[in-house]
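Visitor: show me the folded form of this:
(chains A and B)
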Number of protein chains: 2
Amino acid sequence: MNSGDRSDPPPPRDPEPGRLIPAHFLPVPATVSPEMQKVIAAPYGDWVFAKPRNVAEWCQLIDGYDRQAAEDSRAIRGALGVSAEEISVNGVRCHRVVPHVVAPGNDRRLLVHTHGGAYVFGTGEAGLSEAALVAHFSQSPVLSVDYRMPPEHPFPAAVEDVARVWQTMLETHDRRHAAMFGSSAGGGLTMAVVLRLKQLGVALPAALFLGSPWANIAKIADSQFANDRTDNLMVTYDGVLADSSKLYANGCPLDEPLLSPLGGDLSGFPPSIITTGTRDLFLSLAALTHRKLRASGVEAELHVFEAVSHIQFLAFPAPECATAMTEVARFFDRYLGQ
Amino acid sequence: MNSGDRSDPPPPRDPEPGRLIPAHFLPVPATVSPEMQKVIAAPYGDWVFAKPRNVAEWCQLIDGYDRQAAEDSRAIRGALGVSAEEISVNGVRCHRVVPHVVAPGNDRRLLVHTHGGAYVFGTGEAGLSEAALVAHFSQSPVLSVDYRMPPEHPFPAAVEDVARVWQTMLETHDRRHAAMFGSSAGGGLTMAVVLRLKQLGVALPAALFLGSPWANIAKIADSQFANDRTDNLMVTYDGVLADSSKLYANGCPLDEPLLSPLGGDLSGFPPSIITTGTRDLFLSLAALTHRKLRASGVEAELHVFEAVSHIQFLAFPAPECATAMTEVARFFDRYLGQ
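Guide: Below you'll find the model as predicted:
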């Protein structure tokens, strides 16, 4: 008698393993600075829920976001006395970001910045806030790459641009005094560029700073579920983030390591400092990146800020921002020398 | 005209700042090992919701918990070939926990363990799982202190017992080869003992391992709200944890530094490795401890495991447990020498 002789119903499918987390009120904690409390209390932005249906709507969304981000960036540079000048490096648009005080010897450093913005936001001045903060706190000039982005220039344009800038700058700079850094998409991009440089056999930076790195652009890590709506900056993967990842990937599988470098071979990576917050939608990506780097034999350290959502450790002038940036500066001092 | 002339209604009180997080389904992630997936999928334990009303009910709850924990501890020791022997150190009951292999030179080490269990659970063999894991992975003998606990012996009995053991053992051991460690209440207690040793002017350990430290026994840190019900081991502060903290404090203010050492002066603390998970109800306490130690000039490093709830980095035999313990062993090798 084979199984076809019986008309048993199919076995019940197991429900998806997991659990329902009930609704709960999440207060603004007393364990952060008053400045950070304001950041934490801020409402969700509308832009995270945007669903642009075509190129024109993408451009409109990006323009609106970038106009505000450029204004914020100018305010930060003004407050810190950091200058920014647009330059071209081997055909790639960049900004040279110079702090009020460059520490003795730091003028020979090369700090290459890849801005965040989900691979769609952050063009021009809009991408310079983090560059200004790192320049100020590390007392070093920064070269921020204004890499090409979708809708017009999807993957791998961004990786190519940053790799080209890096290779060009290495002609006049010593890798032992050179770092690369970025947060969110900029953190993922920095990792992707290092993978690309490994493929090309090009000398790698001496240190990385990866802030809330978008190290895997699929929705796969636990905090992308657990911190949904708890993170008040990025809020959810299921908004503009999911769409921007597809726009950037442009049909390429999301697990391609130059898109999702967490899946790549991280052996030989430079020493890395990774920064995130307990409410970060990408907390798990930061933790997983830290673990995979260490499992690959790479020096890597992790800093997690209390109640801080996605990239809010950049929320100048909160003292948590100064602390986060001071840790990055210390790390660069340790691995780049003077 | 003074304000009494007007009968304006009082201004409306601001609602408590914060936000309502809607109910959401939290799947078991694919980003952890199959063994850890089973741990993550496990249902909440009944004990976390217990509300013992008197000493008899406390004792009944503790007995039930400890019977299971002792069985788990014997299974782990059996699997690893770790022995445990009850001894008395200057009148304090302890267990000498010895791994199958003691690395050359490690027999002179002193690793003092303070077990977890919310300051009520973990008597006797029930408190030895973590001691066995650290002994095995560090290839060093461990001295686990079976400190006195409530209901009979509230604060500061536990601090006194561990401090006494430490002082006694220092007569025959060199602090340069000595560490102290513990998780949950054991992490908080280790910190409290170091504060107490500072008060007494006694030599401090050369390194600490603090796992998910209960560094503040009030409900104050963000993850105690944000990870409520997301953490499937500790689940909530508003169950047995809130009651056990009061039972332990015995009327002493919860912000007394020997109860909540995160509020104490951490300057001069030994180099510390801190371990937690993204779902840990105490994630924020680990992050805040890391930050405060570093702000106090102490070498401190943080390890955060993906989707791991309170102390689940001890979930032997998940590979995440081996990774966490290997990091602790490396840290001890670095700071204790051979």
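Visitor: burial check on A:P43, number of neighbours?
Guide: 7 (other CB atoms under 10 Å in any protein chain shown). All C-beta spots, glycine's among them, are computed from the backbone N, C-alpha and C.
Visitor: show me what contacts it?
Guide: Neighbouring residues of A:P43 by CB atoms under 8 Å, 6 or more residues apart in numbering or on different chains: A:N232.
Visitor: same question, the one 5 residues further on
Guide: Remark: with contacts taken as CB under 8 Å, 6+ apart, A:V48 is in contact with A:M234, A:V235, A:T236, A:G239, A:V240, A:L241.
Visitor: and the next helix or strand past the lengthiest helix in chain A?
Guide: Scanning chain A for the helix with the most residues, using DSSP state H, yields helix A:55-80. Using DSSP states H and E, the next helix or strand after helix A:55-80 towards the C-terminus is strand A:83-89.
Visitor: hmm, A:K246 and A:P52 touching each other?
Guide: No - between A:P52 and A:K246 there is no contact under CB atoms under 8 Å: 11.5 Å.
Visitor: next one: phi and psi at the one residue in the stretch 101-250 of chain A that gets nearest to chain B?
Guide: When scored by CB to the nearest CB, the stretch 101-250 of chain A has A:D222 as its residue closest to chain B, at 3.8 Å. Backbone torsions of A:D222, given as degrees, to the nearest 10, read phi -60, psi -40.
Visitor: ok, it - contacts?
Guide: Going by CB under 8 Å, 6+ apart, A:D222 touches A:S284, B:P29, B:T31, B:V32, B:T278, B:R279, B:E306, B:A307.
Visitor: can I assume the first one is in contact with B:A307?
Guide: Yes - under the criterion of CB under 8 Å, A:S284 makes contact with B:A307 at 7.0 Å.
Visitor: returning to what we had before: more neighbours: A:P52 and A:K246, which one.
Guide: A:P52 (18 against 15).
Visitor: tell me the spacing between that one and chain B.
Guide: In this structure, A:P52 and chain B are 25 Å apart, going by CB to the nearest CB, to the nearest Å.
Visitor: so for that residue, what's the nearest residue that isn't a sequence neighbour?
Guide: A:W58 (4.4 Å; CB to CB, 6 or more residues apart in numbering or on different chains).
Visitor: to what extent is the one you found buried, counted in neighbours?
Guide: 20.
Visitor: A:F121 and A:D66 touch, don't they?
Guide: Yes - using CB under 8 Å, A:F121 is in contact with A:D66, at 6.0 Å.
Visitor: tell me which of the two has more neighbours.
Guide: Set A:F121 next to A:D66 and count neighbours by other CB under 10 Å: A:F121 wins out with 24 against 20.
Visitor: how about the more buried one, phi and psi?
Guide: Residue torsions, per degrees, to the nearest 10, at A:F121 are phi -100, psi 160.
Visitor: same check, this time on A:G18
Guide: Main-chain torsions, A:G18, degrees, to the nearest 10: phi 150, psi -170.
Visitor: can you pull the contacts of the residue lying closest to it once chain neighbours are set aside?
Guide: Taking CB to CB, 6+ apart, and ignoring the residues beside it in sequence, A:G18 has B:P27 as its nearest neighbour in space, at 3.8 Å. The contact partners of B:P27, taken as CB under 8 Å, 6+ apart, are A:E16, A:P17, A:G18, A:F225.
Visitor: which two from the residues you listed end up farthest apart in space?
Guide: Distance extremes for the contacts of B:P27: the farthest pair is A:P17 and A:F225 at 12.6 Å, using CB to CB.
Visitor: shared neighbours, A:S284 and B:A307?
Guide: What both A:S284 and B:A307 touch, as defined by CB under 8 Å, 6+ apart, is the set A:D222, A:A226, B:P29, B:T31, B:T278.
Visitor: just the ones of those residues in helices?
Guide: A:A226.
Visitor: out of the shared contacts of A:S284 and B:A307, who has the most neighbours?
Guide: Neighbour max across the shared contacts of A:S284 and B:A307 (other CB under 10 Å) = B:T278, 30 neighbours.
Visitor: wait, isn't that one in contact with B:A307?
Guide: Yes - here B:T278 reaches B:A307: they are 5.9 Å apart, a contact under CB under 8 Å.
Visitor: residues that sit against both of those two, list them.
Guide: Common neighbours of B:T278 and B:A307 (CB under 8 Å, 6+ apart) are A:D222, A:A226, A:S284.
Visitor: want to throw those into TSV with distance to B:S296?
Guide: Output for the shared contacts of B:T278 and B:A307, formatted as TSV (distance: CB to CB, whole Å):
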residue	distance to B:S296
A:D222	31
A:A226	30
A:S284	28
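Visitor: mind putting those into CSV with pLDDT and distance to A:S129?
Guide: As requested, the shared contacts of B:T278 and B:A307 are exported to CSV (pLDDT from 0 to 100; distance: CB to CB, whole Å):
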residue, pLDDT, distance to A:S129
A:D222, 98, 28
A:A226, 98, 27
A:S284, 98, 25
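Visitor: which one of those is nearest A:R96?
Guide: Nearest to A:R96 among those, with distances taken as CB to CB, is A:S284, at 34.9 Å.
Visitor: give me the neighbour count for the nearest residue to A:R175 once chain neighbours are set aside.
Guide: Nearest residue to A:R175, sequence neighbours excluded (CB to CB, 6+ apart): A:A203, at 4.3 Å. Using other CB under 10 Å, the number of residues around A:A203 comes to 14.
Visitor: would A:A203 count as being in a helix?
Guide: No - under DSSP: H, G, I helix; E, B strand; the rest coil, A:A203 falls outside any helix and is assigned coil.
Visitor: could you dump the contacts of A:V48 into TSV with pLDDT added?
Guide: Formatted as TSV, the contacts of A:V48 follow (pLDDT from 0 to 100):
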residue	pLDDT
A:M234	97
A:V235	97
A:T236	97
A:G239	95
A:V240	96
A:L241	96
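Visitor: how about the residues of the stretch 101-250 of chain A near chain B?
Guide: A:I220, A:A221, A:D222, A:S223, A:F225, A:A226, A:N227, A:D228, A:R229, A:T230, A:N232 (CB under 8 Å from any CB of the partner chain).
Visitor: one more time with 10 Å
Guide: A:216, A:220-232 (CB under 10 Å from any CB of the partner chain).
Visitor: in CSV, list these along with distance to A:I76.
Guide: Below are these laid out as CSV (distance: CB to CB, whole Å):
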residue, distance to A:I76
A:N216, 29
A:I220, 33
A:A221, 29
A:D222, 32
A:S223, 27
A:Q224, 28
A:F225, 32
A:A226, 31
A:N227, 26
A:D228, 29
A:R229, 28
A:T230, 26
A:D231, 22
A:N232, 20
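Visitor: how about the closest residue to A:L266 other than its chain neighbours, what does it touch?
Guide: Here the nearest residue to A:L266 in space, its sequence neighbours aside, is A:S296; by CB to CB, 6+ apart that works out to 4.4 Å. Going by CB atoms under 10 Å, 6 or more residues apart in numbering or on different chains, A:S296 touches A:G264, A:D265, A:L266, A:S267, A:G268, A:F269.
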